[in-house]
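> Below: sequence and its predicted model.
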Amino acid sequence: MTKFALIVALLCAVSCVRSTPDEIHLRELNARLAALSAEESEIKERIKNIKDPGASIALQEELLLHQSRMEHLRATIEVLSPK
């Protein structure tokens, strides 16, 4: 877990003290989304700096997996968010 993701998770935990279960769940989902976004940026940076084609393909597959997870989380957050 990156430092950014850890900070977001801690802030989420502190802010969850006086929240409803739905608000807590949405904050947790947003924290996960932020962590995945930070990891996505790290993977993109590693792809730029890599010379080995085999490793680049593996990183691109990992990037696609992260993007898929992020899209799923965004859809879940959209459904659960109050209108």
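Nice, thanks for sending it over.
> does Ala55 sit in a helix, a strand or a coil?
helix (DSSP: H, G, I helix; E, B strand; the rest coil).
> which residues does it contact?
Going by CB atoms under 8 Å, 6 or more residues apart in numbering, Ala55 touches no other residue. Backbone N, C-alpha and C define where each C-beta goes, glycine included.
> pLDDT score assigned to it?
Ala55 is assigned 88 on the pLDDT scale.
> Tell me which stretches of the protein form helices.
Counting by DSSP state H, the chain has helices at residues 3-15, 21-49, 53-80.
> which one of those is the most hemmed in?
helix 21-49 (a mean of 15; mean count of other CB atoms under 10 Å).
> And that one, what does it pack against?
helix 3-15, helix 53-80 (3 or more CB pairs under 8 Å, 6 or more residues apart in numbering; DSSP states H and E).
> which residues does the residue most central in space within the chain contact?
Nearest to the geometric centre of the chain sits Leu36, at 2.1 Å (CA atoms, centre = their mean). For Leu36, the contact set (CB under 8 Å, 6+ apart) comprises His66, Arg69, Met70, Leu73.
> and with 6 Å instead?
His66, Arg69, Met70 (CB atoms under 6 Å, 6 or more residues apart in numbering).
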